[in-house]
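> Starting from these lines, generate the structure:
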Amino acid sequence: MGNQKIDIAIEGKEKAKFFQHLLKDIECLELMLANGVIEKNPIRIGAEQEFCIVDNDWTPSLKGLEILELLNDEHFTTELALYNLEVNLDPLELKAGCFIEMMKRQLSFLQKANSICKSQSAKPLLSGILPSISGRHIEMEYMTPSPRYKVLNEVMKKLRGKDFNVSILGVDELKLMHNSVLFEACNTSYQMHLQIEPDDFVSSYNWAQAISGPLLSVCTNSPLLLGKELWSETRIALFQQSIDTRTSSHSVRYNEPRVTFGNAWIENSITDIYKDDISRFELIVNSTFEEDSIEILNGGRIPKLDALSLHSGTVYRWNRACYGVGDGKPHVRIENRYIPSGPSVTDEIANFVFWVGLMKGRPSEYDQIHKKMDFKDAKSNFIKAARTGKESFMKWMGTVVTSQELVIKTLLPIARLGLKKAGIGQDEMDYFLDVIEKRATGKNGSEWQVYNYRRLKKSIKKENALRLLCAEMYKNQQINKPVSEWENISVKEMRNSSTKPIYVYEIMTTELFTTNENNPLNLVSNMMRWKDIHHVPVEDSDNRLKGLLTWQLIDGIEPTDTTSLVKDIMVKDVIYVDKKTSIEEASNLMIRNNIGCLPVKNKGRLIGIITKKDLVD
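Residues are numbered from 1 along each chain as shown. Presented below is the predicted three-dimensional model:
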């Protein structure tokens, strides 16, 4: 949805007018394909680098627009959240040295961003999901104030009709509701583009679908969200759910999500994908178009197919079919959207090299892959890779094989042949594919994060552990070291970790034992003794704070007392704080009132608790 001049989709004549342009664009594309107008060579590659901006305390920054203005470079652009930016890399011809050149350019752009960020007390960070993102960073104040993002949010909320549900089950479970699409802003990716010969598009696109699972399995870098350990590549589940416009019903009817892998191999043309999208997905945004694409083509010019581009921009396929015009020549390409940002630029370029090598090295026996592989197996492989990364078992051409074995024994040799075919030099090829092989046999980004996060939490608070992960990631990215060579965070770094916390949300406990005021008192007192809990908030079914039980209050409660209820002895006038209360203020509040804890509320609801022990720690 690069077009800034968009509106909420409307009904009647305006909607009919848009669809006329849409149908003309499909017809126009089919004419260009049939008449050989689409460019066949040279083949080009391109990329989009999304990155996070963090403050000096390693949490999301609000200074994205100021940084963008200071960059003053058309290669950089905004993203949904103020703490994300994107740099668009110019296309390069696929030939010897192109990936080395792309890495140089990418590093140069990030170095420029780093320099500007420093002037704003910020830093650019590559991460599929920034570990330090918390609930407050997905509130509306963090949304980029751009008309297109406002329209997107309004449209999605209108179609949904209620708050968005996010429910992801991994090692931990995340289950919550949110009132905007800003959860999508937690995701940052490294989007890779490969121009495709129009006559080979069907076979190439189907092959791109088939290799998605095993490729993703060695590239995962997004295991954490809001401090929860979820999928190896949590972005896949989060992106779908964060902009899911479907509503639940009692009907067995199935509606396709707008973020999709697809449901079948394509058979005839790139237009199969566009036609399927138009058939399945309602128009959600509108714009005005001055010219008819057929008339433009008949007049000897090349149309941009704006209506088709706008509608397809609201359907988020992990492998997206793209039409574009460069230097006055139309082309078609595949955009790979499922690879996460980071862990380092070297890792990202290695992912790119691996993917392009696989695409160009496709064995002829897979030209008609629908005869070799069930589409459901390709889709299943993709979901399994997102869930469990390199630990996945893949169904590949009828055989079950581990992801690691598939990558090392089958796909890396294919990639080498493809890169050689594309004219990539041996040294360039070996350097980047060696990065992939070391990740396949060693550790990738998600594995490094999970291992270190588990270790850190044994010694320091969760919020400090998450910030320390970010600090270590940034350090390794500055020297462009591939993640397979990253060292684990040392005990010394743990002791010297993180910026001193300022607000209570940074140190509060969020995994709470709570009770209802009508529960039997002896039950709750036993629970407190069993779990060695000194403070239990009392809340209603809507998470609203009603009272507080303390160790002192339950002292002397007899186990045989079956008549007393929690509400009989609980503190009813509870002193509490907001999540943005400073730690200093909270400490003074406890001292003045001679209390041992403070419940933490946000928008009237209980979200955590802070105790004297938290302050000491």
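
> hey, what's the residue nearest the centre of the chain bridged with?
Centroid check for the chain by C-alpha atoms, centre = their mean gives residue 187 as the closest residue, at 2.4 Å. The partner list for residue 187 in beta bridges (DSSP bridges) reads residue 129.

> Was I right to think it contacts residue 239?
Yes. Between residue 187 and residue 239 there is a contact under C-beta atoms under 8 Å: 5.4 Å. The C-beta positions use only the backbone N, C-alpha and C, and glycine is treated the same way.

> Mean confidence (pLDDT) on stretch 115-124, please.
The average pLDDT within stretch 115-124 is 97.

> Run through who's touching that stretch.
Applying C-beta atoms under 8 Å, 6 or more residues apart in numbering, the external contacts of stretch 115-124 come out as 51-56, 61, 63, 66-67, 70-71, 85, 110, 113-114, 474.

> Those in strands, which ones?
When the contacts of stretch 115-124 are checked against strands (DSSP state E), the matches are 51, 52, 53, 54, 55, 85.

> OK, contacts around the residue lying closest to residue 535 once chain neighbours are set aside?
Among residues not flanking residue 535 along the chain, residue 597 sits closest, at 4.2 Å (C-beta to C-beta, 6 or more residues apart in numbering). By C-beta under 8 Å, 6+ apart, residue 597 lies in contact with 534, 535, 548, 550, 590, 609, 610, 611, 612.

> go again using 10 Å as the cut-off
By C-beta atoms under 10 Å, 6 or more residues apart in numbering, the contact list for residue 597 reads 509, 534-537, 548, 550, 574-576, 586, 590, 609-614.

> and what of residue 451?
Shown in contact with residue 451 (C-beta under 10 Å, 6+ apart): 223, 443, 488, 489.

> number of nearby residues for the last one?
The local packing count at residue 489 equals 21, with neighbours defined by other C-beta atoms under 10 Å.

> Provide a list of residues in contact with it.
Contacts of residue 489 by C-beta under 10 Å, 6+ apart are 448, 451-453, 455-456, 459, 465, 468-469, 471-472, 497.

> same check, this time on the second one
When the contact criterion is C-beta under 10 Å, 6+ apart, the partners of residue 443 are 343, 390, 449, 450, 451, 483, 484, 485, 486, 488.

> Okay, and the residue nearest to the last one when sequence neighbours are not counted sits in which element?
Nearest in space to residue 488, with sequence neighbours left out and distances taken as C-beta to C-beta, 6+ apart, is residue 452 at 5.7 Å. Taking DSSP states H and E as the definition, residue 452 sits inside helix 445-457.

> buried set for that helix?
Buried residues in helix 445-457, defined by neighbour count with 16 or more other C-beta atoms under 10 Å: 445, 446, 447, 448, 449, 450, 452, 453, 456.

> in the protein, what spans have low per-residue confidence?
Applying pLDDT under 70 to the chain flags residues 1-12, 159-162, 245-255, 491-501, 559, 617.

> mind running it again at 50?
The chain contains residues with pLDDT under 50 at 1-4, 249-253, 498.

> Map the structural domains onto the sequence of it.
Domain assignment of the chain by automatic domain parsing yields the ranges 7-441, 505-616.

> Can you get me the start-to-end distance on the last one?
Terminal residues of domain 505-616 lie 15 Å apart, using C-alpha to C-alpha, to the nearest Å.

> roughly how far is that domain from the heart of the chain?
35 Å (C-alpha atoms, centre = their mean, to the nearest Å).

> which SSE is residue 472 in?
Taking DSSP H and E as the definition, residue 472 sits inside helix 462-478.

> what separates residue 448 from residue 485, distance-wise?
According to C-beta to C-beta, to the nearest Å, residue 448 and residue 485 sit 10 Å apart.

> returning to what we had before: in CSV: the domains of the chain, plus distance to residue 479.
CSV is the format used below for the domains of the chain (distance: least, C-beta to C-beta, whole Å):
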stretch, distance to residue 479
domain 7-441, 9
domain 505-616, 29
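
> Pick the most deeply packed of the ones you listed.
For these, average neighbour numbers computed from mean count of other C-beta atoms under 10 Å are highest in domain 7-441, which has a mean of 19.

> could I get the contacts of residue 443 as a markdown table with distance to residue 285?
Listed next are the contacts of residue 443 as a markdown table, based on distance: C-beta to C-beta, whole Å:
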| residue | distance to residue 285 |
| --- | --- |
| 343 | 34 |
| 390 | 39 |
| 449 | 36 |
| 450 | 38 |
| 451 | 43 |
| 483 | 38 |
| 484 | 42 |
| 485 | 44 |
| 486 | 42 |
| 488 | 46 |
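
> I'd like to know which of those residues are part of helices.
Among these, the residues falling in helices (DSSP state H) are 449, 450, 451.

> Go through these and name the one nearest residue 372.
When the ones in helices among the contacts of residue 443 are compared for distance to residue 372 (C-beta to C-beta), residue 450 wins out at 34.6 Å.

> out of everything not next to it in sequence, what's closest to the closest one?
Among residues not flanking residue 450 along the chain, residue 223 sits closest, at 5.1 Å (C-beta to C-beta, 6+ apart).

> just to revisit the earlier point, and the gap between the residue nearest to residue 488 and residue 473?
10 Å.

> list residues touching both of the two?
Common neighbours of residue 452 and residue 473 (C-beta under 10 Å, 6+ apart) are residue 486.

> mind listing the helices for the stretch 151-300 of the chain?
Assigned by DSSP state H, counting those that start in this stretch, the helices in the stretch 151-300 of the chain fall at 201-217, 235-242, 271-280, 293-298.

> Between these, which one is closest to residue 179.
Distance to residue 179, taken as C-beta to C-beta, is lowest for helix 235-242 among the helices of the stretch 151-300 of the chain, at 11.9 Å.

> That closest one packs against which elements?
strand 164-169, strand 173-178, strand 224-225, strand 259-260, helix 375-388 (3 or more C-beta pairs under 10 Å, 6 or more residues apart in numbering; DSSP states H and E).

> CSV for these, including distance to residue 602?
Formatted as CSV, the helices and strands packed on helix 235-242 follow (distance: least, C-beta to C-beta, whole Å):
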stretch, distance to residue 602
strand 164-169, 17
strand 173-178, 12
strand 224-225, 18
strand 259-260, 28
helix 375-388, 30
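
> just to revisit the earlier point, just want to check the distance between the residue nearest to residue 535 and residue 521.
Distance from residue 597 to residue 521, by C-beta to C-beta: 19 Å.

> ok, now residue 89?
To residue 521, residue 89 is 65 Å away according to C-beta to C-beta.

> can you check residue 565 too?
6 Å.

> again, but for residue 43
Distance of residue 43 to residue 521, given as C-beta to C-beta: 74 Å.

> residues touching the residue nearest to residue 180 when sequence neighbours are not counted, list them.
Once flanking residues are discounted, residue 180 sits nearest to residue 153: 5.5 Å by C-beta to C-beta, 6+ apart. With contact set as C-beta under 10 Å, 6+ apart, residue 153 has these partners: 80, 140, 143, 179, 180, 181, 182, 184, 243.

> What does the second one show for phi and psi?
Main-chain torsions, residue 140, degrees, to the nearest 10: phi -60, psi -30.

> who's in contact with the residue nearest to it when sequence neighbours are not counted?
What sits nearest to residue 140 in space, not counting adjacent residues and going by C-beta to C-beta, 6+ apart, is residue 180, at 6.1 Å. When contacts are counted by C-beta under 10 Å, 6+ apart, residue 180 touches 80, 138-140, 142-143, 149, 152-154, 156-157, 163-164, 242.

> Try it again at 8 Å.
Counting by C-beta under 8 Å, 6+ apart, residue 180 touches 138, 140, 143, 153, 157, 164.

> quick one: which of these is nearest residue 308?
residue 153 (23.7 Å).

> from memory residue 216 sits against residue 351, does it?
No. With contact defined as C-beta under 8 Å, residue 216 does not reach residue 351; the gap is 9.5 Å.
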